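>>> just coords:
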């Protein structure tokens, strides 16, 4: 499948959604990162292809022969992206889903409403627009924190919102940036860092082993959460 991840608001965790939720569960799907500035290496150690925001036609041409792809649209490029989608009539059909991540801040929720309405205005079927609730504390109620969005889903029936499509706050995502590795990479790492810790006398290596033991434990919890969220999101 081909999935576009977008929100008019920044800081909603699109990299987490594109790189950690979608990428490991979509086979060999390529990530296209749509942003105004050609950045260098991705902060999370993920292989992405950078593309400037207005090159929509080129993007569609590249997507056509692909079986799967993830399109991560930067907040500053969403407006241009949607305008060009309208200009290229029917181009939204190249995308199987539009995933809209949201966090609980009220301003972000307001921007999310505008994102949903902009997508719906293009004639995109509600079944293709999916919301994922990000950075939610484990003891928070998704229905309470995002009551306005669930109300919108009920009243306008323009998108799919399921409270189980949730990514819980987990410090693993920030820690991954520090080590420059992906969640999948950490999970697949079979090194016994506890045994290595007992064997080494090098202080730097000891510190690395302690950090990696904690990281792997956090990664197991995060991965289970992401497995569950993925299943619900595309059910």
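Looks like it came in fine. The structure presented is a predicted model; accordingly, all values stated were derived computationally and were not measured.
>>> pLDDT wise, what is residue 33 at?
On pLDDT, residue 33 comes in at 89.
>>> Wasn't it part of a strand?
Yes: the assignment for residue 33 (DSSP: H, G, I helix; E, B strand; the rest coil) places it in a strand.
>>> correct me, but it touches residue 74?
Yes: contact criterion Cβ atoms under 8 Å: residue 33 and residue 74 qualify, at 7.4 Å. From N, CA and C alone the C-beta is placed, and that goes for glycine too.
>>> all strands for this protein, in order.
For the chain, the strands defined by DSSP state E occupy 2-5, 30-34, 48-51, 69-73, 97-102, 129-136, 166-168.
>>> got any ranges where this structure has weak pLDDT?
37-54 (pLDDT under 70).
>>> Now the most centrally placed residue in it: closest residue in space, sequence neighbours ignored.
Taking Cα atoms, centre = their mean, the centroid of the chain lies closest to residue 17, which sits 1.4 Å from it. Excluding the flanking residues, the one nearest residue 17 by Cβ to Cβ, 6 or more residues apart in numbering is residue 101, at 4.9 Å.
>>> go on, residue 223?
Using Cβ to Cβ, 6+ apart and skipping the chain neighbours, the partner closest in space to residue 223 is residue 187 (5.5 Å).
>>> Could you pull up the residues touching that neighbour?
216, 219-220, 223 (Cβ atoms under 8 Å, 6 or more residues apart in numbering).
>>> quick one: residue 24 and residue 186 touch, right?
No: counting by Cβ under 8 Å, residue 24 stays clear of residue 186, with 11.0 Å between them.
>>> for the longest helix seen in the chain, packing partners?
Secondary structure of the chain per DSSP state H: the longest helix is helix 203-233. Where contact means 3 or more Cβ pairs under 8 Å, 6 or more residues apart in numbering; DSSP states H and E, helix 203-233 is packed against strand 129-136, strand 166-168, helix 172-179, helix 183-188, helix 193-199.
>>> Any idea which of the ones you listed gets closest to residue 84?
In terms of Cβ to Cβ, the element of the helices and strands packed on helix 203-233 nearest to residue 84 is strand 129-136, at 18.2 Å.
>>> Taking helix 203-233 as reference, get the angle to the closest one.
140 degrees (axes from the mean of the first three to the mean of the last three Cα atoms, to 10 degrees).
>>> Which secondary structure elements does strand 129-136 sit against?
Short answer (3+ Cβ pairs under 8 Å, 6+ apart): strand 129-136 packs on strand 97-102, helix 106-121, helix 142-145, strand 166-168, helix 203-233.
>>> from memory residue 57 sits against residue 88, does it?
Yes: with contact defined as Cβ under 8 Å, residue 57 counts as touching residue 88 (6.6 Å).
>>> Settle it for me: which of residue 33 and residue 74 has more neighbours?
Under the criterion of other Cβ atoms under 10 Å, the comparison of residue 33 against residue 74 puts residue 33 first, with 23 against 19.
>>> any idea how far residue 65 is from the more buried one?
19 Å (Cβ to Cβ, to the nearest Å).
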